[in-house]
Each structure stands twice: as C-alpha cells, then as structure tokens.
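>>> please find the sequence and the predicted model below.
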Amino acid sequence: MKRFVLPILLIAFPNAIKADIKKDVFDMELEQLMNVRVETASRKSQALLKTAAAMHVITQDDIRRMGATSLPEVLRGVPGLHVAQIDSNNWAISIRGLNDRFSNSLLVMIDGRSIYNPLFGGVYWNMHETLLEDIERIEVVRGPGGTMWGANAVNGVINIITKNAKDTQGTQLTLLGGSQEGIFSARHGGMMNDQISYRLFTRGKRVQEFNDTPLHPANDHWRDLSSGFRVDGDMNAASKWTLQGGYNVGHANQLTSSASLMPPTTLPIMDGVNYQSGNLQFRWDKQLAENSKWRVQSYYDFFGRQALNATNRIHTFDLEIQNQFKFAALQKHEFVWGVGYRAVVDELESNFTVAFDPKHRYTRTFSAFIQDDIQLTDKLKFTVGSKAEHNSYTGFEFQPNARMLFEINERNSVWAAVSRAVRVPTRAENDFRVNFMATPGRDQFSPPALFSLFGNRSLVTEKIYAAELGYRTLLTNTLSFDTAGFFNYYDDLIGTRPSVGFEASPFPPHLLIGSISSNNHTATAYGADMQAKWQPVDYWQLASSYTVFKMDAHYQNGFSGNPVDITHLEKSSPRHQFSVRSDLKLPHHWEFNTMFYFADNIQARGLHVAEQGRLDLRLAWTPSPKLELAIVGQNILNKQHQEFAALDLFNTQIPRSVYGRIMYRF
C-alpha cells in the first residue's frame, strides 16, 4: 500500500495552492457536461441526463489532459471498462466482463463504421491508429446495444466521433519523443468554398520493445504509419454530407509459439506481423420536414494482415438507411427506424499452424430495426424497440429492448432497461483449425501427440438477457454523480469440448488431442459501476470511478469442457476497479494532471495476474494558443508490470516511461 501514498498526495496537492486564477477556466462546467448531446444509445441526439442507458462521454479535453498516445490508453478510467495491455501493440479491452485479446462481446466504431473484426472477433487496436486531436468525443455505452447496432454489441458499444473538418482549420504539427516511443503527426485543414471544408493528416509512430520477462525476450517492437482525410459539406441548412477515408500500414513483432511434428515439439517464435487497412466512408444527413430526418451511410473497409507466413485479407461493404420521425396524430411518439446490408468477402491463407476451410467465404447480413420513444408524461418516457437480422452463420436473430426514464427534476433522473442481444460466431469459430502444441511419445514405440483447436459450423449465437437500473444527478453546480447496476444472464457461450483421435497425415502418424468449439457454457454476471465529478474550486476538477463485478460460469447440462474456459470467463476481468483523475489549472498557462488507476487481480487463460496500481502524470505549458509543451510520465509507480495473459501471445512487461511533446499550430 505504500506505493499508493504518492498518488493520494499528488491529488491532494491543489488544496495548498493559493493563486489568483481567473474563474471559468475549464471549457465545460459540470452542468454542461451532464447535458452534452449524445447519439450512440438511441441513434439520435439527446441530452446525457435524459438517456436511459449507462453512458460515459470522453471529451477532447479529457483526451488532452490524459496525455495518452493511443486509443486504448484513452479508454482507461471509464467506469465498467477494463483496459489491459498485453505487449507494446496489443490490448485486451472489454465492458462488464468477458475480457480477452479479442473481446468479441464489445462493438467498437469510428464515426459509425464498425472496426469489429469478422475473422476472430474483437478489435486489432494497433491497426486503428488515428490522430487523437481530431476526436471530438468518445461515447461509451455500457450494456447491450443490439437493438440499435445489431449483433456483437453484447456488453457495450464504443463510438469514436471525430471532429467536423470546419473545426480543424489551419496547420498543426506534433512531435513526441521519449523512453519508449516516438510520434510525428501533421494535419492541415482548409476551405474549398463557403460550404465545403476539408482536412488532411498523417501520423507516424515507433514503439521500442517493452521489458523482457525472466522467461523470454519481449520481441514486440512496433512501427505504424496512418494517413487520412475528411471533407464536410453543408448543401443548405437542412442538408449536409461527409466523405472521409484513411489508410494504415505497419509492422509489429510478436512472440508466439508454433507446433511441429518433426521432431514433435512446441517452440516459441519471434514472428513479424505486417498489416495494412483502409476505409472510405460517405454519410448524408437530410431534414425533409420539421419532424423527419434521414441519414444514409455507406462505407468500404479493407483489412490485410500477414502473420506466421500466412496472409489474410477481408473486404467489407456496408450500407445503412435511417429515418427519425413523428406522426402528426401521435405527437407523444418519436420513431427511429432503419435498414442495413453488409457483405464480407475474405481471402485466407493456411499453413500447418493455422488453416481455414474454405479459404474463401462470402457472408451477408440483412437487418432492420425500429424503436419508439413514448412520452407518457412530462417526466416519464417509455422506449421499446427491436432489431431483426439475418446472417450467413446462424440465420434470423432478434434483439429487443424496453427502457424507462423518469426525470425527477431538471437535475435528477432514474432509468431502467431490459434487453436481449446476441453475438454471432466468427469465421474462425466456424471454419479454422489451429495446431498449437505437439509432444513426443512416451517411448520410441509410442506415437507423438498433436493438440489442436477446431471450429464448428453447428454453433449458434451467444445470447445475453440483461436488466439494468441507473441514476444520474447533478447534486450541485460543482458535483455530479452517475451510477448503474446490472444483472446479465448469458446462454450458449462458446467454449471448447474435448475429442481424441488418430491421424496418419501429416507424417508421422500421431494422436490428435482436439478441442472443438461448442456452445457449452452459461453464466450470470452482476455488479455496478459509478462515477463522480467534483469541482471544489474554480481551477481544480476531480473525476473518480469505481466498478464492482462478479461472474459465475457453468457448463450447460450434459456438457463438459476445459476447466480453464470456466476460470477465464469468471476471472478475466477484475472484481474491483477504481480510478481518480485530478485536473489542475496553474498560473501563467500551466496545467498539471494526475491519473491513478487500480485494477484487482485477474486470472487470464489460467495465468494469475496481480493487482495493479498505475500512476500517470502530465505537466503542460501553453504560452500561446499556437504552442503547447508537455512532459508526461506513465506507470510511475512500477518499474515494470504485467496486465494480462493472452492465449496466442507471450506477454511482456509494461515498463515505466516518460516522454516530451511539442504541438504547434499556425
């Protein structure tokens, strides 16, 4: 506990400051933050205080004050969300449990474009580097979002919303260098005419290897280059459009393992991963009448990744049409409905370690949703809706929800929700084989053994039935509080069941010890997440969050499987999490930010990971609106530590680091 004394002293330090600092130094007061407009929970703009969902908003000011250099680091401290770094370029991120390197129960989007990977599920976070200064806000919905966003929005939704091009005019140069990483970025924005604005950006990043463990080297050096553009047009007061795109290319080392039958063995491999991704997205918003708004959005996304001498390519096309309207005869009802189509085409290479059958597959998803907000009284609103989807893996799926919001007064609201959401099995869970370990026979007359993981085309969707209850309040103009409790029941969770056989090919003949993907688990999860924000004086803000979580997993009746699966389900997310952030404005344009995060111990893939206390510090000086200088220390309390354990990667030690940053605008 001694190591936690320093962050407490740093957070309390502002009480000793006596300085003549002008009032209203923070860009948004707490009352404004509680009434900030959000859209992810219901696909329409509404005040946060009037949203019947557990929701958190990360503003651009929050991102700047954190001193983070990647999207996963920005998400630390969000209530109910667990962020764990595996090595220099991989993270495990989940909401309310089920954490893993590929957290496939969490839907992540950038401006409404899904970056959920259809091959393994989850997100390759290192393939979605972007200019953090261009993010307007990040909306995090805790709890099922299947009615609005479809399959895979099981435990939550993260929507990263970038700025309009007209808000990024001029040129910005950023240079960052330190003990672990270096970043250079350039952005330029301008006007084509009075109605059309644009921006261009490029960003290069280089991360040194993290610390070795006592058992193996790190081998996780990472290089990344991303570029992109955005064009926004205002055709008239009722019509606007956006065209944006990006390209990302990089190389990341990883330490993994490979099985071989000649001789029978399992060896660590220092592998190099080459990747590239690109996207092009168009969105058109049109207000036809006072009570009718339309949105059409379409995008193309390309994913390419070469690892273990195999290249995988995925092409995704998506089209959505959405309408928000009111009937003149039903003024208390506000409807949002939409239809969608998504096509995914993949080209997958196979080798002895990882094989896909078939190597090429074309899948489609058709969807339609409708939701009705009913204003029963001035203070009571009832919401009901559902989404229907047909996908190529499991056929028709339905995801309904019902929500109630009671506005006690303009500063207090209570909400409740019940919902159902599903996760569709991934391409890998259906069609792959992974040979992950080989062992020699007991003697010269015994055959070797090959351990393999198999997909299963008989899988059905994982299902969640969720109940939530929440409360938001602005206690005073300087103190707000937001909390939500939940109970989730999961059915048909995918684990593995054992199988034993014998193979003559590949040579030599060997025992086959298999693990076959199977819907053989159920689970219940319950807990609460909460956040408080306080501005005790004009120049000092505090934000704190706490999460308590518990999951109990079981085999379905008549099933058995790998006990490690049960342990991972129950303990891959911490029982307790706590964070506190202090933002202090100092005289003469100085700023001091303190971020402290605590996560309880976990057990991921059978490996114990100890509790973590992490302290980050940022000191910044803005001598003019054009120039900002900052120095940031990360993981100050620990020389190195481990945060997670993945199935297919050797973890590395996350080191203490420090960097300096210069940003210049003109």
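Nice, I can see it.
>>> got the residue ranges for the strands in the stretch 151-300 of the chain?
Using DSSP state E, counting those that start in this stretch, the strands found in the stretch 151-300 of the chain span residues 156-162, 170-178, 181-191, 196-207, 222-236, 239-261, 264-289, 292-307.
>>> so what touches the fourth one?
Read that as strand 196-207. 69, 88-89, 129-131, 134, 164-166, 168-169, 180-192, 221-234 (C-beta atoms under 8 Å, 6 or more residues apart in numbering). In short, each C-beta sits where N, CA and C put it, glycine included.
>>> now with 6 Å?
Among residues not part of strand 196-207, those counted as contacts by C-beta atoms under 6 Å, 6 or more residues apart in numbering are 88, 131, 165-166, 168, 181-189, 191, 222-233.
>>> show me what contacts Val354?
Contacts here follow C-beta under 6 Å, 6+ apart; on that basis Val354 touches Val434.
>>> which residues of the stretch 551-666 of the chain fall in strands?
Using DSSP E, counting those that start in this stretch, strands in the stretch 551-666 of the chain cover 576-586, 590-599, 602-604, 607-609, 612-624, 627-634, 640-641, 654-655, 657-665.
>>> closest one to Pro358 among the ones you listed?
Across the strands of the stretch 551-666 of the chain, Pro358 has its closest neighbour in strand 602-604 (32.1 Å, C-beta to C-beta).
>>> could the strands of the stretch 151-300 of the chain go into TSV alongside mean neighbour count and distance to Phe596?
Formatted as TSV, those follow (neighbours: other C-beta atoms under 10 Å; distance: least, C-beta to C-beta, whole Å):
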stretch	mean neighbour count	distance to Phe596
strand 156-162	24	22
strand 170-178	16	20
strand 181-191	17	22
strand 196-207	20	24
strand 222-236	18	26
strand 239-261	19	29
strand 264-289	16	33
strand 292-307	18	35
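>>> where does this protein dip in pLDDT?
1-31, 214-216 (pLDDT under 70).
>>> what's the single longest strand in it?
Looking only at the chain and at elements set by DSSP state E, the strand with the highest residue count is strand 510-537.
>>> helices or strands up against that one?
Using 3 or more C-beta pairs under 6 Å, 6 or more residues apart in numbering; DSSP states H and E, the elements in contact with strand 510-537 are strand 449-454, strand 479-503, strand 540-555.
>>> who does that strand pair up with?
With DSSP bridges as the test, strand 510-537 is paired with strand 449-454 (parallel), strand 479-503 (antiparallel), strand 540-555 (antiparallel).
>>> all strands of the stretch 351-500 of the chain, in order?
Here the stretch 351-500 of the chain has its strands, by DSSP E, counting those that start in this stretch, at 354-356, 360-375, 380-391, 395-409, 412-423, 432-439, 449-454, 462-476, 479-503.
>>> which one of the ones you listed lies nearest to Leu607?
Nearest of those to Leu607, taken as C-beta to C-beta: strand 432-439 at 15.5 Å.
>>> taking strand 239-261 as reference, get the angle to that closest one.
For the pair strand 432-439 and strand 239-261, the angle between their directions (axes from the mean of the first three to the mean of the last three C-alpha atoms, to 10 degrees) equals 30 degrees.
>>> report the distance from strand 432-439 to the chain centre.
Counting by C-alpha atoms, centre = their mean, to the nearest Å, strand 432-439 is centred 29 Å from the centre of its parent chain.
>>> which neighbours in the sheet does it have, and how are they oriented?
Strand partners for strand 432-439, identified by DSSP bridges, are recorded as strand 354-356 (antiparallel), strand 449-454 (antiparallel).
>>> now distance to Thr426 too, for these, in TSV please.
Putting those into TSV (distance: least, C-beta to C-beta, whole Å) gives the following:
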stretch	distance to Thr426
strand 354-356	11
strand 449-454	13
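>>> minimum distance to Tyr664: which of those strands has it?
Distances from Tyr664 to each of the strands paired with strand 432-439 were compared using C-beta to C-beta; the minimum, 45.8 Å, belongs to strand 354-356.
>>> distance between the closest one and the chain's centre?
Per C-alpha atoms, centre = their mean, the displacement of strand 354-356 from the mean C-alpha position of its chain is 27 Å.
>>> likewise stretch 107-127?
Put simply, stretch 107-127 sits 8 Å off its chain's centre (C-alpha atoms, centre = their mean).
>>> what residues does that stretch touch?
72, 89, 91, 102-104, 128, 149, 152-153, 157-160, 162, 248, 252, 275, 277, 281, 299, 344, 426-428.
>>> what do you get for stretch 427-441?
Outside stretch 427-441, the residues that touch it by C-beta under 6 Å, 6+ apart are 118-120, 259, 261, 264, 266, 353-357, 447-455, 457, 459, 517.
>>> that stretch: end-to-end distance?
This stretch, stretch 427-441, spans 33 Å end to end (C-alpha to C-alpha, to the nearest Å).
>>> any buried residues in that stretch, and which?
427-439 (16 or more other C-beta atoms under 10 Å).
>>> pick the one among those residues closest to Pro509.
When the buried residues of stretch 427-441 are ranked by distance to Pro509 (C-beta to C-beta), Ala438 comes first, at 13.0 Å.
>>> how about TSV for the strands of the stretch 551-666 of the chain, with mean neighbour count and distance to Asn409 added?
Shown next, in TSV, are these (neighbours: other C-beta under 10 Å; distance: least, C-beta to C-beta, whole Å):
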stretch	mean neighbour count	distance to Asn409
strand 576-586	20	29
strand 590-599	21	33
strand 602-604	22	41
strand 607-609	16	44
strand 612-624	18	37
strand 627-634	18	40
strand 640-641	16	45
strand 654-655	22	45
strand 657-665	16	42
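>>> any chance of JSON lines for those strands, columns distance to Asn412?
Rendered in JSON lines, the data for these read as follows (distance: least, C-beta to C-beta, whole Å):
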{"stretch": "strand 576-586", "distance to Asn412": "24"}
{"stretch": "strand 590-599", "distance to Asn412": "29"}
{"stretch": "strand 602-604", "distance to Asn412": "35"}
{"stretch": "strand 607-609", "distance to Asn412": "39"}
{"stretch": "strand 612-624", "distance to Asn412": "33"}
{"stretch": "strand 627-634", "distance to Asn412": "37"}
{"stretch": "strand 640-641", "distance to Asn412": "40"}
{"stretch": "strand 654-655", "distance to Asn412": "41"}
{"stretch": "strand 657-665", "distance to Asn412": "40"}
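>>> sorry, back to before: now which of the contacts of stretch 427-441 would you call buried?
Applying a neighbour-count criterion of 16+ other C-beta under 10 Å, the buried members of the contacts of stretch 427-441 are 118-120, 259, 261, 264, 353-356, 447-455, 459, 517.
>>> for the strands of the stretch 351-500 of the chain, which one sits closest to Ala599?
With C-beta to C-beta, the closest approach to Ala599 among those belongs to strand 479-503: 19.0 Å.
>>> the closest one: which residues count as buried?
Within strand 479-503, the residues scored as buried using 16+ other C-beta under 10 Å are 480, 482-486, 488, 490-497.
>>> mind putting the strands of the stretch 151-300 of the chain into CSV with distance to His576?
As requested, those are arranged in CSV below (distance: least, C-beta to C-beta, whole Å):
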stretch, distance to His576
strand 156-162, 19
strand 170-178, 31
strand 181-191, 30
strand 196-207, 30
strand 222-236, 31
strand 239-261, 31
strand 264-289, 34
strand 292-307, 35
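>>> of those, which is nearest Phe317?
For Phe317, the closest of the strands of the stretch 151-300 of the chain is strand 292-307, at 5.5 Å, according to C-beta to C-beta.
>>> next, the angle from that closest one to strand 264-289.
160 degrees.
>>> neighbouring contacts of strand 292-307?
The contact list for strand 292-307, computed with C-beta under 6 Å, 6+ apart, reads 113, 273-287, 312-325.
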